[in-house]
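Visitor: Predicted model and sequence below, questions to follow.
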Amino acid sequence: MIPSLLPTYNRAPLSFVSGQGSWLETTDGRRFLDLAAGIAVNSLGHANPDLIAALTEQAGKVWHLSNLYQIPEQQALADALVELTFADTAFFTNSGTEACELAVKMVRKYWYNKGQPERVKIITFEGSFHGRSSAGIAAAGSAKMVEGFGPLLPGFIHLPFGDHEALEKAIRDPELAAVLVEPVQGEGGIRPLPDACLKGLRDLCDETGALMVLDEVQCGVARTGKLFAHEWAGVTPDVMMVAKGIGGGFPLGAVLATEEAASGMTAGTHGSTYGGNPLGCAVGLKVLQTVSEPAFLEEVNRKAGLLRQKLEGLVDAHPEVFDHVRGAGLMLGLKCKVPAADVVGAGYDAEMLIVPAGDNVVRLLPALNITDEDIAEALVRLETAAKALENG
Ligand SMILES: *Cc1c(COP(=O)(O)O)cnc(C)c1O
């Protein structure tokens, strides 16, 4: 008999009732160290007092309006994002997937309005992840995600990750609208695109007119130690997808764009019932104000250095379990020699949450404000997990 919850997830037998900072408590009273943060969502940890205040204060005023009206919290968040990033304009969604939908529509509409309606194709990369909608799975194109769901949205060109020659060739396709890429692949196994590649991609886009769309749903919002990951490479995109960390746990996403890239999106071309609702935007503004502070970003970088150094030591001490550390900031991956799922399971036994990813990697995506004590505790638990796997 089918369970009452549609069985699309293989859920761990763990049931959490409350959280505090980087800790989660189960129904039977066990405390788990959370290095998953809801997959890079709980950017300021669980039960953050500032976010509770922002949410409850807004909840006492008004929950939902409609985008038929002005929403002051939404306007404030858009203004703050425009102030802090390359973008001239923002549209709010409830998820990364919805941000992907709009990004795809936006780049196609851009060329349509420019009188080049044939420019509809979008280059994406093997191992990428852009959400579970029909456009999202067509964009990523992995067999696992698309099988049985056809006919797929056409127009995506899938290139091998890091294949410059293939890119050089494909980008000159006269029907190309845009290139869509994650600066650091998340689901694909914490694979950072080298800064030089992102710069080279920017140059190729400038040369051919193709729009550069960055999916910073997982790597954005201070995760890598800059407000957005592309800042490390010193280039800016034309369009960017944001979600996950921006809401700190409240469903919120956005598409940010330059005035030029957004020029096709006029009144009536897109919309959302819940996107940009007062609750999400009030929380999102508090998150953004917090993580964009230079002192906060400095701390993310310091903690990232500390965690990474300790992880290098862990890998050295357990060469049969781990191969190497990779990633950027507090978006770190341990490439495993044993099945990554076993490492995640040993983590559960050690009362710690870590996340599997592609390429046999386990991900560590802790709250950005994880304490030094909790980083030390993470290493104790990772040691326990590694030893259990060596002895198992
Ligand atoms: C999670 C994720 C998405 C999809 O976001 P949802 O909020 O789950 O719809 C898209 N792109 C990337 C890079 C992601 O990590």
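Guide: Ah, there it is.
Visitor: Ends of stretch 127-143, what's the gap?
Guide: Start and end residues of stretch 127-143 are separated by 11 Å (C-alpha to C-alpha, to the nearest Å).
Visitor: And the strands in the stretch 151-300 of the chain, which stretches?
Guide: 156-159, 176-181, 184-185, 191-192, 211-215, 239-242, 253-257 (DSSP state E, counting those that start in this stretch).
Visitor: So for the ligand, which of the ones you listed sits nearest?
Guide: strand 211-215 (4.6 Å; C-beta to the nearest ligand atom). In this view, the C-beta of every residue, glycine as well, is placed from N, C-alpha and C.
Visitor: Average pLDDT for the closest one, rounded please.
Guide: The average pLDDT within strand 211-215 is 98.
Visitor: quick check, that strand touching the ligand?
Guide: Yes - contact between strand 211-215 and the ligand, assessed by C-beta under 6 Å from any ligand atom, occurs at Asp215.
Visitor: Contacts only, for Gly284.
Guide: 77, 246-248, 250, 252 (C-beta atoms under 8 Å, 6 or more residues apart in numbering).
Visitor: Using CSV, lay out the residues you listed together with distance to the ligand.
Guide: Formatted as CSV, the contacts of Gly284 follow (distance: C-beta to the nearest ligand atom, whole Å):
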residue, distance to the ligand
Leu77, 17
Ile246, 10
Gly247, 9
Gly248, 13
Phe250, 12
Leu252, 9
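Visitor: which of those has the most neighbours?
Guide: Within the contacts of Gly284, most neighbours by other C-beta atoms under 10 Å means Gly248, with 31 neighbours.
Visitor: which residue sits closest to that one, ignoring its sequence neighbours?
Guide: Nearest residue to Gly248, sequence neighbours excluded (C-beta to C-beta, 6 or more residues apart in numbering): Val287, at 4.4 Å.
Visitor: same question, Leu214
Guide: Using C-beta to C-beta, 6+ apart, the nearest residue to Leu214 is Pro237, at 4.2 Å.
Visitor: looking at it, that neighbour is touching His230, isn't it?
Guide: Yes - between Pro237 and His230 a contact is recorded at 6.1 Å, counting by C-beta atoms under 8 Å.
Visitor: intersection of neighbour lists for the two?
Guide: Contacts common to Pro237 and His230, judged by C-beta under 8 Å, 6+ apart, are Leu214.
Visitor: that older thread, how many residues are close by the residue nearest to Leu214?
Guide: Neighbour number of Pro237 under other C-beta under 10 Å is 30.
Visitor: residue of the stretch 1-150 of the chain with the smallest distance to the ligand?
Guide: For the stretch 1-150 of the chain, C-beta to the nearest ligand atom, closest residue to the ligand: Gly96, 2.3 Å.
Visitor: Quick one: the helices in the chain, in order.
Guide: Here the chain has its helices, by DSSP state H, at 37-40, 49-59, 72-84, 96-113, 134-140, 143-146, 164-170, 195-208, 278-291, 294-317, 340-349, 372-391.
Visitor: Could I get those helices in CSV, plus columns for distance to Ser66 and mean pLDDT?
Guide: Formatted as CSV, the helices of the chain follow (distance: least, C-beta to C-beta, whole Å; pLDDT from 0 to 100):
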stretch, distance to Ser66, mean pLDDT
helix 37-40, 28, 98
helix 49-59, 16, 98
helix 72-84, 11, 98
helix 96-113, 17, 98
helix 134-140, 25, 97
helix 143-146, 33, 93
helix 164-170, 41, 94
helix 195-208, 36, 97
helix 278-291, 11, 98
helix 294-317, 34, 98
helix 340-349, 42, 98
helix 372-391, 41, 97
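Visitor: how deep is Asp316 tucked in, by neighbour count?
Guide: 9.
Visitor: From the ligand, how far off is it?
Guide: Distance of Asp316 to the ligand, given as C-beta to the nearest ligand atom, to the nearest Å: 29 Å.
Visitor: Tell me which residues touch the residue nearest to Asn94 when sequence neighbours are not counted, please.
Guide: Nearest non-adjacent residue to Asn94, counting by C-beta to C-beta, 6+ apart: Pro251, 4.6 Å away. With contact taken as C-beta under 8 Å, 6+ apart, Pro251 is in contact with 94-95, 280.
Visitor: Need these in a markdown table (columns: neighbour count and distance to Lys226).
Guide: Converted to a markdown table, those look like this (neighbours: other C-beta atoms under 10 Å; distance: C-beta to C-beta, whole Å):
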| residue | neighbour count | distance to Lys226 |
| --- | --- | --- |
| Asn94 | 20 | 25 |
| Ser95 | 21 | 23 |
| Gly280 | 27 | 23 |
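Visitor: Identify whichever of the helices of the chain lies nearest to Asn10.
Guide: Proximity to Asn10 (C-beta to C-beta) singles out helix 340-349 among those, at 9.5 Å.
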